[in-house]
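>>> quick one, structure for this:
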Amino acid sequence: MAGTPDDPAQWSVEHEGLTIGALDWGGDGPPLVLLHPNGFCAGVFDPLARLLRDAYRPIGIDLRGHGTSDAPSTYEDCGFVAAAGDVVAMLDHLGLDEVVLLGESLGGGTGILVDRLQPGRVRRLLLCEAIAMAGVGGLPGAEGENHMAAMARRRRAVWADRASVRESYGSRPPLNVMEPAALDGYVRWGFRDRPDGQVELSCAPEVEAWFFECGTRPDGAPASFDHLASLRAEVTIVAADGTDLPDGMFAAQAERARVELLTVHGTHFFVQEDAARAAGLVREHLAW
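Coordinates of the predicted model:
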């Protein structure tokens, strides 16, 4: 798609044989790393990043298999630890020695492990419904078929154009709760143009399914939960009162990290429901 002068700059770096991409909204403030949920991309943070670049330099990193980043070729090459390595590689490429970080869902579980890989590099960490849980018993799909992975594999990958995607996604759950600008950011940067004139999901349904499945592995949600007790970063843990994730998941995270749980109104995608409120959370909890 054609860009505008106000668009974020795009970066890429090679890591473990994959090209990892990022969007950089600019700004003279401290670097703010934004890590997206599974199946999405850095572009879903576009309205939030634009609100914050007066005080931060927002940088959204596309985890492997998402957005502008290459996809792993096997299930074994997924994993939260591998995704955290992608983030570290991009920080190295950009020369960012210290950052603050907002991680949402998969991005939250990944952000925790960035602190494990590079203790002290993340000064403050805002976890928004992060995927981090002890063991695997309470995770969706831990026993029998992973229903989130099954849903991902049924996702329609190819569409006539972005307008068709936008109309469909914006009219039904779960994405109809997103602010229009957030959904627009996902539709713009989360789909790729095809030679035949159609558009295709950047995160292939199979790759999204792999990430749901690898969440139950030792290098997935259990690793993220375990490291909460050893974080170097100052952490704030936020959950939504309308979450569809397991009861007690976020309270357990807060207990392990020895912090109070912050609860806000909304769904699992509360960051995209209200960019102004999310910006307020960043300014309050990720102050440099």
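>>> and L228, how many neighbours does it have?
L228 has 24 neighbours, counted by other Cβ atoms under 10 Å. Backbone N, C-alpha and C define where each C-beta goes, glycine included.
>>> surely it touches Q253?
Yes: with contacts counted by Cβ atoms under 8 Å, L228 reaches Q253, the gap being 5.9 Å.
>>> find residues that contact each of the two.
A132 (Cβ atoms under 8 Å, 6 or more residues apart in numbering).
>>> how far does the lowest-mean-pLDDT helix or strand in the chain sit from its chain's centre?
Of all the helices and strands that make up the chain, helix 147-153 has the lowest average by mean pLDDT, DSSP states H and E, namely a mean of 94. Here helix 147-153 is found 18 Å from its chain centre; the criterion is Cα atoms, centre = their mean, to the nearest Å.
>>> what of stretch 202-210?
Using Cα atoms, centre = their mean, the offset of stretch 202-210 from its chain centre is 14 Å.
>>> give the contact list for the nearest residue to A134 once chain neighbours are set aside.
Here the nearest residue to A134 in space, its sequence neighbours aside, is F225; by Cβ to Cβ, 6 or more residues apart in numbering that works out to 5.0 Å. Applying Cβ under 8 Å, 6+ apart to F225 gives the contacts A132, M133, A134, A252, Q253, R256.
>>> ok, these vs V114, which is closest?
A132 (12.8 Å; Cβ to Cβ).
>>> doesn't the residue nearest to A134 lie inside a helix?
Yes: applying DSSP: H, G, I helix; E, B strand; the rest coil, one finds F225 inside a helix.
>>> looking at this structure, which residue reaches furthest from the middle?
No residue in the chain sits farther from the centre than D196, which is 29.7 Å out by Cα atoms, centre = their mean.
>>> got the contact list for that residue?
Contacts of D196 (Cβ under 8 Å, 6+ apart): none.
>>> how much space separates it from A223?
41 Å (Cβ to Cβ, to the nearest Å).
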